[in-house]
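J.: one predicted model, sequence on top.
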Amino acid sequence: MNGSEIEGAAEVTLLARRNNSLSPGGRYLVVGSLAAIVFAISIGFALNGAWLVAPFAGLDILLLYLAFRYMGRHAGDYESVALRGNEIVVERWEAGRVRTCAFSRYWAQVVFNNAGGKGGARLLLRSHGQEIEIGSCLGEVQRAAMARQLKQHLEIR
């Protein structure tokens, strides 16, 4: 195999997406069901003289709705790490915005800091004083697997 065949064989794209267990319709169904239950309970308290429960119940439902709305806005977020030829391109899609960062494949380093504890593992890609965290929506085990995969593909130069 000549050099160009090795580079062509080593082209790969790794994609990391969030785990979205609820569809948009499911999110509205959950918020609507909880709102109906909380509304019924707060009406019961208001009829027994504890009318101050109703505004706080409404505030609870509003905060729950805003949390689900945030989740819906970020449901399509993902990260893409593409090894193409002599460069590594990291694209991060967050709430409809795209951020792209490119590194030289020959100088890039994959750094996996497993600090232990909750959420302590970080996966970094660095080169020439510039670094970016990747795999933020992955679990610790998945981040470690992604680090191994990236290191393997970077060895094929």
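T.: Happy to help now that I have it.

J.: switch to C-alpha atoms for all contacts and neighbour counts from now on
T.: OK.

J.: tell me which residues of the lengthiest helix in the chain come out buried.
T.: Longest helix in the chain by number of residues (criterion: DSSP state H): helix 24-47. By neighbour count with 16 or more other Cα atoms under 10 Å, helix 24-47 contains the buried residues 27, 31, 35, 38, 39, 42, 43.

J.: so where's the protein shaky on pLDDT?
T.: Within the chain, the ranges that satisfy pLDDT under 70 run 1-10, 115-119, 156-157.

J.: could you list the domains of it?
T.: Domain segmentation of the chain under automatic domain parsing yields 3-18+76-155, 24-73.

J.: identify the residues contacting the residue positioned nearest the centre of the chain.
T.: Nearest to the geometric centre of the chain sits residue 137, at 3.0 Å (Cα atoms, centre = their mean). Neighbouring residues of residue 137 by Cα atoms under 8 Å, 6 or more residues apart in numbering: 16, 17, 18, 78.
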